[in-house]
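Peer 1: Below: sequence and its predicted model.
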Amino acid sequence: MTSPRPLSPVSDEPPALHARAMDNLSFIRDTMERATAFTAVPGWGGAAMGLTALGAAALAATRPAPSEWLGVWVGEAVLATVIGAAALVRKARSAKTPLLSQPARRFFLSFVPPIVVGALLTAVLYRGGLWQALPGTWLLLYGTGVVTGGAFSVRVVPLMGLCFMATGAAALALPGWGTGWMALGFGFLHVVFGVLIARRYGG
């Protein structure tokens, strides 16, 4: 018959109260930051971007020369950026959402890199005479940015990004309809999802 093993002594000293409080506060803060979505994605601003893209598509259809066609869309990109940034700042202020919060930083750090890659590829593809691949490339990379950034936003944003990516894939498969794909993606999709976001989550 084996003799029972002595139990290891258990310390009766509880952890310091301030240490437990700090651990709890850190856990609560991290949980809240992860659960907080970046909700300042502009709805009406996105719809306005879509309307200007539809106008740009109509203008680009009358500019068959690659340089003129590209100029129209570069101008539209600048205009859409201004509209989107102004609408985002306005919505963030009205909702009292800080633009430097952790969800906002994650959103921008995920959204911006694909856009920068798209700008670099624009120059490369145009110089290589592959300007017909630009609509599909733009739509795919913009959709990628919206999906990755939308992971830190409301649920409809990643869905919008997936729709852009699908449109971009179709544009690469049928590059001859480039202006039409641009109108469908940057025009129609922006209007539809912009109105949806505005109605569900505010302007």
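Peer 2: That came through, no problem.
Peer 1: Quick check: chain neighbours aside, which residue is closest to the residue most central in space within the chain?
Peer 2: For the chain, Val146 is the residue whose C-alpha lies nearest the centre (Cα atoms, centre = their mean; 2.8 Å). Nearest residue to Val146 in three dimensions, chain neighbours excluded: Gly161, at 3.2 Å (Cβ to Cβ, 6 or more residues apart in numbering). C-beta here means a position set from N, CA and C on the backbone, and glycine is covered the same way.
Peer 1: Tell me how many other residues surround that neighbour.
Peer 2: Neighbourhood size, Gly161 [other Cβ atoms under 10 Å]: 25.
Peer 1: And the helices in this protein?
Peer 2: For the chain, applying DSSP state H gives helices covering 17-35, 44-60, 66-94, 102-127, 134-150, 156-173, 178-182, 190-201.
Peer 1: Give me the below-cutoff pLDDT ranges for the protein.
Peer 2: Scanning the chain for pLDDT under 70 picks out 1-39.
Peer 1: Would you mind measuring from Ala86 to Trp44?
Peer 2: Separation of Ala86 from Trp44 (Cβ to Cβ, to the nearest Å) stands at 11 Å.
Peer 1: more crowded one of the two?
Peer 2: Trp44 (18 against 13).
Peer 1: Quick check: the more buried one touching Gly84?
Peer 2: No. The pair Trp44 / Gly84 is not scored as a contact, 10.8 Å apart, by Cβ atoms under 8 Å.
Peer 1: Tell me the spacing between Ile115 and Ala86.
Peer 2: 17 Å.
Peer 1: An error on my part: the question was meant for Ile197.
Peer 2: 16 Å.
Peer 1: Gly71 too?
Peer 2: The separation that Gly71 has from Ala86, given Cβ to Cβ, amounts to 23 Å.
Peer 1: next one: Ala170
Peer 2: 31 Å.
Peer 1: now do Trp177
Peer 2: 32 Å.
Peer 1: With Met182 instead?
Peer 2: As judged by Cβ to Cβ, Met182 and Ala86 stand 22 Å apart.
Peer 1: Likewise for Glu68?
Peer 2: Taken as Cβ to Cβ, the span from Glu68 to Ala86 is 28 Å.
Peer 1: just Phe107 next, same as before
Peer 2: Distance from Phe107 to Ala86, by Cβ to Cβ: 17 Å.
Peer 1: Repeat that for Ala65.
Peer 2: 32 Å.
Peer 1: what's the answer for Leu196, then?
Peer 2: Taking Cβ to Cβ, one finds Leu196 at 20 Å from Ala86.
Peer 1: And Phe152, by the same measure?
Peer 2: 21 Å.
Peer 1: same thing with Leu99?
Peer 2: For Leu99, the distance to Ala86 - Cβ to Cβ - is 13 Å.
Peer 1: again, but for Pro113
Peer 2: 23 Å.
Peer 1: and what of Phe108?
Peer 2: Shown here: Phe108 relative to Ala86, a distance of 16 Å by Cβ to Cβ.
Peer 1: same question, Gly194
Peer 2: Using Cβ to Cβ, Gly194 is found at 14 Å from Ala86.
Peer 1: Same check on Leu139?
Peer 2: 23 Å.
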